[in-house]
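In: The sequence and its predicted three-dimensional model are supplied below.
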Amino acid sequence: MLQDHSRDKLLNAIAFFVENTRACGKTKLYKLLYFLDFQHFTERGRSVTGLEYYAWPLGPVPRALHDELVMPPNDLAAKFRIENVTLRSGQEMLKLEPLQPFDATHLSKRELRIMGDLAREFRDKKADDMVDATHLENLPWHQIYEVEGRKQELIPYELALRKGDKDAAQTAVRDHDEFNENYSDRGDPAL
């Protein structure tokens, strides 16, 4: 049976970004995960982490993860030490410290490439710079929050697609779903 490893991918994407960027607090992490998921969606028609993002004032927020950081489930608590720290500026920042190293086992080459590109691009950026990057015109957050005025609402992944890319992404999703339907019940461990 095929397994969905999106939770493993999420926890390891968090570990990767925390280990490979500076000052990766909650806001910066949310933006990196958003860029990862939406970029992968434009290329493959599905997200990496399985998260849904909502149009909050400072940009896209994965609300489920946001809630988990307040009351971490066992798998998150086993993988990270989570604490609020006070910066020299007096601001509070949520700090995640990996308790287990990053593990690329369930991530594809494409997912690793996108993560690496994002870590290099935003390695030294601060959260405020990341907020600006997600607020650009024609990006999904801007469409939902500013253009449509649907504050706090779900940002559909499809908004990341250009009109020509939409058909290709829908085909990729159908192919992926068809593969799962055809092969998930075989129980063949080689798959």
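Out: Okay, I see it.
In: per-residue confidence for the spatially most central residue of the chain?
Out: Closest to where the C-alpha atoms of the chain average out (Cα atoms, centre = their mean) is L33, at 2.5 Å. Looking at L33, its pLDDT stands at 98.
In: Could you give the backbone dihedrals for E148?
Out: phi -90, psi -10 (degrees, to the nearest 10).
In: quick one on the thing from earlier: wait, a helix at the residue nearest to the centre of the chain?
Out: Yes. Looking at L33 with DSSP: H, G, I helix; E, B strand; the rest coil, it is inside a helix.
In: Go ahead and confirm it touches L11.
Out: No. Using Cβ atoms under 8 Å, L33 makes no contact with L11, being 11.3 Å away. From N, CA and C alone the C-beta is placed, and that goes for glycine too.
In: quick one: low-confidence parts of this structure?
Out: Low-confidence segments of the chain, defined by pLDDT under 70, span residues 1-4, 162-177, 179-180, 182-191.
In: can you pull out the helices in it?
Out: With helices called from DSSP state H, the chain shows them at 6-20, 26-44, 63-70, 74-79, 109-122, 127-134, 140-142, 163-183.
In: Dump those to JSON lines, plus distance to E153.
Out: Formatted as JSON lines, the helices of the chain follow (distance: least, Cβ to Cβ, whole Å):
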{"stretch": "helix 6-20", "distance to E153": "22"}
{"stretch": "helix 26-44", "distance to E153": "15"}
{"stretch": "helix 63-70", "distance to E153": "11"}
{"stretch": "helix 74-79", "distance to E153": "25"}
{"stretch": "helix 109-122", "distance to E153": "25"}
{"stretch": "helix 127-134", "distance to E153": "15"}
{"stretch": "helix 140-142", "distance to E153": "11"}
{"stretch": "helix 163-183", "distance to E153": "20"}
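In: Tell me which of those helices sits most buried.
Out: helix 26-44 (a mean of 23; mean count of other Cβ atoms under 10 Å).
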